[in-house]
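>>> Sequence plus the predicted model coming up.
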Amino acid sequence: MPEGHTIRRQAKAFAAELAGDKVVVTSPQGRFEAGAALLDGHELVRAEAAGKHLFLRFSNGRYLHVHLGLIGKWDFGVPPAPEPTGAVRVRLEGPRAWADLRGATLCEVVTSAQVRGVLRRLGPDPLRRDGRREEFVRRAGRRVLPIAALLMDQEVVAGVGNVYRAEVLFRARLSPDVPGRELDPGVVGALWDDLSTLMRDGVKRGVIVTTLPADRPPGTRRGVPPREAAHYVYRRTGLPCRVCGTPVATRELNGRNLYWCPVCQHIRP
DNA sequence: GGCTTATGCGCAG
DNA sequence: TGCGCCTAAGCCA
(Lines give C-alpha, C1' and ligand atoms only; values in the text may rest on other atoms or scores of the structure.)
Protein backbone atom coordinates (compact mmCIF):
# COMPACT_ATOMS: atom_id res chain seq x y z
CA MET A 1 0.00 0.00 0.00
CA PRO A 2 2.85 2.36 -0.48
CA GLU A 3 1.60 5.74 -1.61
CA GLY A 4 2.78 8.81 0.25
CA HIS A 5 0.38 8.41 3.16
CA THR A 6 1.86 5.00 4.00
CA ILE A 7 5.42 6.29 4.07
CA ARG A 8 4.34 9.16 6.27
CA ARG A 9 2.80 6.75 8.76
CA GLN A 10 5.95 4.67 8.78
CA ALA A 11 8.10 7.73 9.42
CA LYS A 12 5.88 8.55 12.36
CA ALA A 13 6.24 5.00 13.66
CA PHE A 14 10.04 5.21 13.48
CA ALA A 15 10.00 8.60 15.19
CA ALA A 16 7.78 7.35 18.01
CA GLU A 17 9.23 3.90 18.60
CA LEU A 18 12.89 3.88 17.56
CA ALA A 19 14.15 7.47 17.48
CA GLY A 20 16.25 8.56 20.42
CA ASP A 21 17.71 5.09 20.93
CA LYS A 22 20.75 3.23 19.76
CA VAL A 23 19.75 0.71 17.15
CA VAL A 24 21.13 -2.68 16.19
CA VAL A 25 21.11 -2.81 12.40
CA THR A 26 21.49 -6.12 10.59
CA SER A 27 20.72 -7.65 7.23
CA PRO A 28 19.43 -11.17 7.90
CA GLN A 29 19.01 -11.69 4.16
CA GLY A 30 22.62 -10.67 3.62
CA ARG A 31 22.10 -8.31 0.70
CA PHE A 32 22.61 -5.22 2.83
CA GLU A 33 25.36 -6.28 5.21
CA ALA A 34 27.79 -3.54 4.23
CA GLY A 35 25.13 -0.84 4.58
CA ALA A 36 23.89 -2.23 7.88
CA ALA A 37 27.41 -2.16 9.29
CA LEU A 38 27.62 1.59 8.61
CA LEU A 39 24.60 2.24 10.82
CA ASP A 40 24.83 -0.52 13.43
CA GLY A 41 25.01 0.72 17.01
CA HIS A 42 24.31 4.36 16.23
CA GLU A 43 21.33 6.32 17.51
CA LEU A 44 18.38 6.93 15.22
CA VAL A 45 17.90 10.67 15.49
CA ARG A 46 15.19 11.49 12.96
CA ALA A 47 12.72 9.86 10.59
CA GLU A 48 11.39 11.79 7.65
CA ALA A 49 9.09 11.06 4.72
CA ALA A 50 9.28 12.90 1.40
CA GLY A 51 6.86 11.65 -1.21
CA LYS A 52 7.37 7.90 -1.27
CA HIS A 53 10.90 8.13 0.13
CA LEU A 54 11.82 7.39 3.73
CA PHE A 55 14.97 8.82 5.34
CA LEU A 56 16.24 7.66 8.70
CA ARG A 57 19.01 9.85 10.07
CA PHE A 58 21.57 8.31 12.40
CA SER A 59 23.82 10.01 14.95
CA ASN A 60 26.93 9.45 12.81
CA GLY A 61 25.42 11.69 10.11
CA ARG A 62 24.49 8.88 7.76
CA TYR A 63 21.01 8.20 6.45
CA LEU A 64 19.15 5.05 5.58
CA HIS A 65 17.20 5.79 2.39
CA VAL A 66 14.35 3.40 1.57
CA HIS A 67 11.90 3.31 -1.29
CA LEU A 68 9.40 0.47 -0.97
CA GLY A 69 8.42 0.26 -4.62
CA LEU A 70 5.44 -1.92 -5.34
CA ILE A 71 5.92 -4.82 -2.97
CA GLY A 72 8.18 -3.44 -0.28
CA LYS A 73 6.99 -3.59 3.30
CA TRP A 74 7.98 -2.62 6.84
CA ASP A 75 6.89 -4.76 9.76
CA PHE A 76 7.06 -3.34 13.27
CA GLY A 77 6.95 -5.14 16.56
CA VAL A 78 7.82 -5.12 20.23
CA PRO A 79 10.98 -6.91 21.42
CA PRO A 80 12.07 -9.58 21.43
CA ALA A 81 12.20 -9.71 17.63
CA PRO A 82 11.33 -13.11 16.19
CA GLU A 83 13.83 -15.24 14.30
CA PRO A 84 13.91 -13.63 10.84
CA THR A 85 11.98 -15.58 8.21
CA GLY A 86 12.11 -14.97 4.48
CA ALA A 87 14.09 -12.18 2.87
CA VAL A 88 14.54 -9.58 5.59
CA ARG A 89 16.73 -6.98 3.91
CA VAL A 90 17.20 -4.88 7.04
CA ARG A 91 16.29 -5.31 10.65
CA LEU A 92 16.44 -2.39 13.09
CA GLU A 93 16.25 -3.27 16.76
CA GLY A 94 15.90 -0.70 19.51
CA PRO A 95 15.04 -1.23 23.16
CA ARG A 96 11.37 -0.41 22.55
CA ALA A 97 10.70 -1.72 19.05
CA TRP A 98 12.04 -3.55 16.02
CA ALA A 99 11.37 -3.06 12.33
CA ASP A 100 11.93 -5.44 9.40
CA LEU A 101 12.19 -4.36 5.76
CA ARG A 102 11.33 -6.73 2.92
CA GLY A 103 11.00 -6.42 -0.83
CA ALA A 104 12.05 -2.79 -1.18
CA THR A 105 13.08 -1.39 -4.55
CA LEU A 106 15.71 0.79 -2.94
CA CYS A 107 17.61 0.49 0.35
CA GLU A 108 20.89 2.36 0.70
CA VAL A 109 23.03 4.34 3.09
CA VAL A 110 23.49 7.92 1.92
CA THR A 111 24.97 11.25 2.99
CA SER A 112 23.04 14.41 3.74
CA ALA A 113 24.16 15.77 0.36
CA GLN A 114 22.57 12.80 -1.35
CA VAL A 115 19.39 13.28 0.66
CA ARG A 116 19.25 16.89 -0.52
CA GLY A 117 19.71 15.65 -4.09
CA VAL A 118 16.67 13.40 -3.81
CA LEU A 119 14.62 16.18 -2.24
CA ARG A 120 15.62 18.61 -4.99
CA ARG A 121 14.37 16.27 -7.68
CA LEU A 122 11.05 15.62 -5.96
CA GLY A 123 8.08 17.81 -6.68
CA PRO A 124 6.03 19.37 -3.90
CA ASP A 125 4.51 16.91 -1.42
CA PRO A 126 0.87 17.57 -0.43
CA LEU A 127 1.59 16.01 2.98
CA ARG A 128 4.41 18.33 3.91
CA ARG A 129 3.84 21.51 5.83
CA ASP A 130 5.98 23.36 3.26
CA GLY A 131 3.58 21.98 0.63
CA ARG A 132 4.25 24.54 -2.12
CA ARG A 133 0.87 24.43 -3.81
CA GLU A 134 1.81 27.11 -6.34
CA GLU A 135 4.89 25.16 -7.37
CA PHE A 136 2.66 22.21 -8.25
CA VAL A 137 0.39 24.48 -10.28
CA ARG A 138 3.44 25.84 -12.12
CA ARG A 139 5.01 22.46 -12.80
CA ALA A 140 1.78 20.89 -14.04
CA GLY A 141 0.80 23.97 -16.01
CA ARG A 142 3.82 24.03 -18.27
CA ARG A 143 3.63 20.41 -19.40
CA VAL A 144 1.91 19.00 -22.48
CA LEU A 145 1.39 15.55 -20.99
CA PRO A 146 -2.12 14.60 -19.86
CA ILE A 147 -2.95 15.39 -16.26
CA ALA A 148 -3.27 11.65 -15.54
CA ALA A 149 0.41 11.22 -16.44
CA LEU A 150 1.52 14.34 -14.56
CA LEU A 151 -0.06 13.20 -11.30
CA MET A 152 2.16 10.08 -11.40
CA ASP A 153 5.30 12.09 -12.12
CA GLN A 154 7.12 12.49 -8.80
CA GLU A 155 8.85 15.62 -10.09
CA VAL A 156 5.45 17.25 -10.55
CA VAL A 157 3.92 16.12 -7.27
CA ALA A 158 5.51 13.75 -4.75
CA GLY A 159 3.70 10.92 -3.02
CA VAL A 160 0.75 10.44 -5.36
CA GLY A 161 0.27 6.91 -6.68
CA ASN A 162 -2.20 5.10 -8.88
CA VAL A 163 -5.05 5.13 -6.36
CA TYR A 164 -4.92 8.83 -5.49
CA ARG A 165 -4.37 9.69 -9.17
CA ALA A 166 -7.54 7.94 -10.29
CA GLU A 167 -9.64 9.07 -7.35
CA VAL A 168 -8.69 12.72 -7.31
CA LEU A 169 -9.44 13.03 -11.03
CA PHE A 170 -12.83 11.45 -10.48
CA ARG A 171 -13.65 13.71 -7.55
CA ALA A 172 -12.78 16.71 -9.72
CA ARG A 173 -14.91 15.26 -12.56
CA LEU A 174 -11.85 15.90 -14.69
CA SER A 175 -11.01 14.02 -17.87
CA PRO A 176 -7.67 12.23 -17.45
CA ASP A 177 -6.61 13.29 -20.94
CA VAL A 178 -6.46 17.05 -20.53
CA PRO A 179 -2.90 18.30 -21.12
CA GLY A 180 -1.52 20.04 -18.06
CA ARG A 181 -0.96 23.33 -19.77
CA GLU A 182 -4.54 23.50 -21.03
CA LEU A 183 -5.93 23.29 -17.52
CA ASP A 184 -7.19 26.31 -15.65
CA PRO A 185 -4.70 27.01 -12.82
CA GLY A 186 -7.66 27.16 -10.47
CA VAL A 187 -8.56 23.58 -11.38
CA VAL A 188 -4.96 22.44 -10.82
CA GLY A 189 -4.88 24.21 -7.47
CA ALA A 190 -8.12 22.50 -6.49
CA LEU A 191 -6.56 19.13 -7.36
CA TRP A 192 -3.73 19.94 -4.97
CA ASP A 193 -6.13 20.89 -2.20
CA ASP A 194 -8.10 17.69 -2.64
CA LEU A 195 -4.93 15.58 -2.70
CA SER A 196 -3.84 17.25 0.49
CA THR A 197 -7.20 16.47 2.12
CA LEU A 198 -7.33 12.88 0.89
CA MET A 199 -3.73 12.06 1.76
CA ARG A 200 -3.96 13.55 5.26
CA ASP A 201 -7.06 11.46 5.79
CA GLY A 202 -5.07 8.45 4.52
CA VAL A 203 -2.34 9.13 7.09
CA LYS A 204 -4.94 9.22 9.84
CA ARG A 205 -6.86 6.12 8.79
CA GLY A 206 -4.02 4.05 7.38
CA VAL A 207 -6.12 3.28 4.31
CA ILE A 208 -7.21 5.29 1.30
CA VAL A 209 -10.86 6.30 1.45
CA THR A 210 -12.08 8.71 -1.20
CA THR A 211 -15.83 8.09 -1.41
CA LEU A 212 -18.27 10.47 0.19
CA PRO A 213 -20.70 8.69 2.53
CA ALA A 214 -23.63 9.59 0.25
CA ASP A 215 -21.99 7.76 -2.67
CA ARG A 216 -21.40 4.52 -0.77
CA PRO A 217 -23.75 1.55 -0.98
CA PRO A 218 -26.51 1.38 1.64
CA GLY A 219 -25.26 -0.09 4.87
CA THR A 220 -21.73 1.28 4.40
CA ARG A 221 -22.48 4.97 4.78
CA ARG A 222 -21.38 5.30 8.39
CA GLY A 223 -17.98 4.91 9.94
CA VAL A 224 -15.06 3.32 8.14
CA PRO A 225 -16.25 1.92 4.80
CA PRO A 226 -15.26 -1.61 3.76
CA ARG A 227 -12.65 -1.76 1.03
CA GLU A 228 -15.16 -2.39 -1.75
CA ALA A 229 -16.88 0.89 -0.90
CA ALA A 230 -13.77 3.01 -0.41
CA HIS A 231 -13.05 4.10 -4.00
CA TYR A 232 -14.96 5.60 -6.92
CA VAL A 233 -13.05 4.11 -9.84
CA TYR A 234 -9.75 2.52 -8.78
CA ARG A 235 -9.86 -1.22 -9.63
CA ARG A 236 -13.57 -1.01 -10.43
CA THR A 237 -13.30 -1.82 -14.16
CA GLY A 238 -16.73 -2.59 -15.62
CA LEU A 239 -18.57 -1.97 -12.37
CA PRO A 240 -21.23 0.75 -12.38
CA CYS A 241 -20.01 4.22 -11.53
CA ARG A 242 -21.19 5.10 -8.01
CA VAL A 243 -22.57 8.39 -9.25
CA CYS A 244 -24.01 7.77 -12.74
CA GLY A 245 -24.05 3.97 -13.20
CA THR A 246 -21.90 3.94 -16.34
CA PRO A 247 -19.36 1.09 -16.35
CA VAL A 248 -15.97 2.27 -15.10
CA ALA A 249 -13.41 2.32 -17.91
CA THR A 250 -9.77 1.30 -17.77
CA ARG A 251 -6.75 1.48 -20.03
CA GLU A 252 -3.00 1.37 -19.74
CA LEU A 253 -1.10 4.63 -19.53
CA ASN A 254 2.69 4.51 -19.28
CA GLY A 255 2.54 0.94 -18.10
CA ARG A 256 0.02 1.57 -15.31
CA ASN A 257 -3.72 1.02 -15.22
CA LEU A 258 -5.80 4.15 -15.43
CA TYR A 259 -9.40 4.00 -14.21
CA TRP A 260 -12.06 6.60 -14.90
CA CYS A 261 -15.76 7.19 -15.50
CA PRO A 262 -16.20 8.31 -19.10
CA VAL A 263 -19.45 10.10 -18.27
CA CYS A 264 -18.78 11.78 -14.92
CA GLN A 265 -15.28 12.89 -15.84
CA HIS A 266 -16.44 15.25 -18.53
CA ILE A 267 -14.51 18.37 -17.58
CA ARG A 268 -12.12 19.39 -20.33
CA PRO A 269 -10.45 22.73 -20.89
C1' DG B 1 -2.56 -25.47 -2.95
C1' DG B 2 -1.66 -22.63 -7.26
C1' DC B 3 -2.17 -18.60 -10.11
C1' DT B 4 -2.75 -13.63 -11.01
C1' DT B 5 -2.30 -9.13 -9.91
C1' DA B 6 -0.60 -4.96 -7.62
C1' DT B 7 -0.84 1.32 -4.35
C1' DG B 8 6.55 1.81 -7.99
C1' DC B 9 10.54 2.40 -8.93
C1' DG B 10 15.65 1.70 -10.99
C1' DC B 11 18.06 -0.48 -14.34
C1' DA B 12 19.78 -3.21 -18.54
C1' DG B 13 19.71 -3.07 -23.17
C1' DT C 1 10.42 -2.46 -23.34
C1' DG C 2 10.85 -5.68 -20.00
C1' DC C 3 12.69 -7.36 -15.71
C1' DG C 4 13.77 -7.50 -10.64
C1' DC C 5 12.09 -6.87 -6.25
C1' DC C 6 10.32 -11.76 -4.03
C1' DT C 7 5.35 -9.69 -0.69
C1' DA C 8 0.53 -10.65 0.01
C1' DA C 9 -4.29 -10.31 -1.14
C1' DG C 10 -7.73 -12.04 -4.02
C1' DC C 11 -9.35 -15.48 -6.76
C1' DC C 12 -9.88 -20.24 -8.41
C1' DA C 13 -9.97 -25.30 -7.93
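Happy to help now that I have it.

>>> Which residue, other than its chain neighbours, is closest to whatever residue of the stretch 101-250 of chain A ends up closest to DNA strand B?
Closest residue of the stretch 101-250 of chain A to DNA strand B, CB to the nearest atom of the strand: A:Gly161 (2.1 Å). Quick note: C-beta positions are derived from backbone N, CA and C, even for glycine. Counting by CB to CB, 6 or more residues apart in numbering, A:Glu3 is the residue found nearest to A:Gly161 once chain neighbours are left out, at 3.6 Å.

>>> One more: A:Lys22?
A:Glu43 (5.1 Å).

>>> cool, and A:Pro79?
Sequence neighbours aside, A:Trp98 is the residue nearest to A:Pro79 in space, at 6.0 Å (criterion: CB to CB, 6+ apart).

>>> And A:Ala190, by the same measure?
Using CB to CB, 6+ apart and skipping residues adjacent in sequence, the residue nearest A:Ala190 is A:Ala172, 6.5 Å away.

>>> Tell me, how many residues neighbour the one you found?
16 (other CB atoms under 10 Å).

>>> likewise A:Arg102?
Number of residues near A:Arg102 (other CB under 10 Å) recorded here: 18.

>>> Equivalent analysis for A:Val118, please.
17.

>>> count of neighbours near the closest residue to DNA strand B within the stretch 1-150 of chain A?
Shortest the stretch 1-150 of chain A-to-DNA strand B distance, computed as CB to the nearest atom of the strand: residue-wise this is A:Gly69, at 2.6 Å. Residue crowding around A:Gly69 was assessed by other CB under 10 Å; the count is 12.

>>> Was I right to think it contacts A:Leu101?
No. Applying CB atoms under 8 Å, one finds A:Gly69 not in contact with A:Leu101, separated by 11.4 Å.

>>> that older thread, skip the chain neighbours and tell me the closest residue to the residue of the stretch 1-150 of chain A closest to DNA strand B.
Nearest non-adjacent residue to A:Gly69 (CB to CB, 6+ apart): A:Thr105, at 2.9 Å.

>>> ok, now which ones touch the one you found?
A:His67, A:Leu68, A:Gly69, A:Leu70, A:Gly72 (CB atoms under 8 Å, 6 or more residues apart in numbering).

>>> and those residues, which are buried?
Taking 16 or more other CB atoms under 10 Å as the criterion, what is buried in the contacts of A:Thr105 is A:His67, A:Leu68, A:Gly72.

>>> So which of these are in strands?
Using DSSP state E, the members of the buried ones among the contacts of A:Thr105 that fall within strands are A:His67.

>>> can I get the buried ones among the contacts of A:Thr105 in a markdown table with pLDDT?
Putting the buried ones among the contacts of A:Thr105 into a markdown table (pLDDT from 0 to 100) gives the following:
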| residue | pLDDT |
| --- | --- |
| A:His67 | 94 |
| A:Leu68 | 93 |
| A:Gly72 | 92 |
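
>>> Pick the one among the buried ones among the contacts of A:Thr105 closest to A:Pro225.
Nearest to A:Pro225, judged by CB to CB, of the buried ones among the contacts of A:Thr105 is A:Leu68 at 25.0 Å.

>>> show me the residues around that closest one that make contact.
Going by CB under 8 Å, 6+ apart, the list of residues near A:Leu68 reads A:Pro2, A:Thr6, A:Ile7, A:Lys52, A:Leu54, A:Trp74, A:Gly103, A:Ala104, A:Thr105.
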